[in-house]
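>>> need a structure here:
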Amino acid sequence: MRPLQASDAFLLRVATWLNLNWCRQRFTLAHVDADPHLAAYYRSPPTSGSCPPSGPSPLEWCG
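Coordinates of the predicted model:
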């Protein structure tokens, strides 16, 4: 496994969208982009690459 890079943003964007729509179509990519809480999963810069014990914060990538 490698650390996340800025070039992974598109993949993380699509993965976030697919995870939100796993049971049925509920969100569009535009909805995910417009919601700062959801968009933080792929717009934040890479940090240590791990999640804190309490879960991801809007400023950390989990990988």
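>>> and Gly55, what pLDDT?
Here, the pLDDT recorded for Gly55 equals 51.
>>> And for Arg13, nearest residue in space, chain neighbours not counted?
Tyr42 (4.5 Å; Cβ to Cβ, 6 or more residues apart in numbering). Using the backbone N, CA and C atoms, a C-beta is placed for each residue, glycine as well.
>>> So which other helices or strands are in contact with the helix or strand containing the one you found?
Per DSSP states H and E, Tyr42 falls inside helix 36-43. Contact here means 3 or more Cβ pairs under 8 Å, 6 or more residues apart in numbering; DSSP states H and E; on that basis helix 36-43 packs against helix 9-20, helix 29-34.
>>> Which of those helices comes out lowest on mean pLDDT?
If you rank those by mean pLDDT, helix 9-20 sits at the bottom with a mean of 90.
>>> relative orientation of it and helix 36-43 in degrees?
Going by axes from the mean of the first three to the mean of the last three Cα atoms, to 10 degrees, helix 9-20 is angled at 140 degrees with respect to helix 36-43.
>>> still on that earlier bit, now the helix holding Tyr42: buried residues?
Neighbour-count burial for helix 36-43, counted by 16 or more other Cβ atoms under 10 Å, picks out 38-42.
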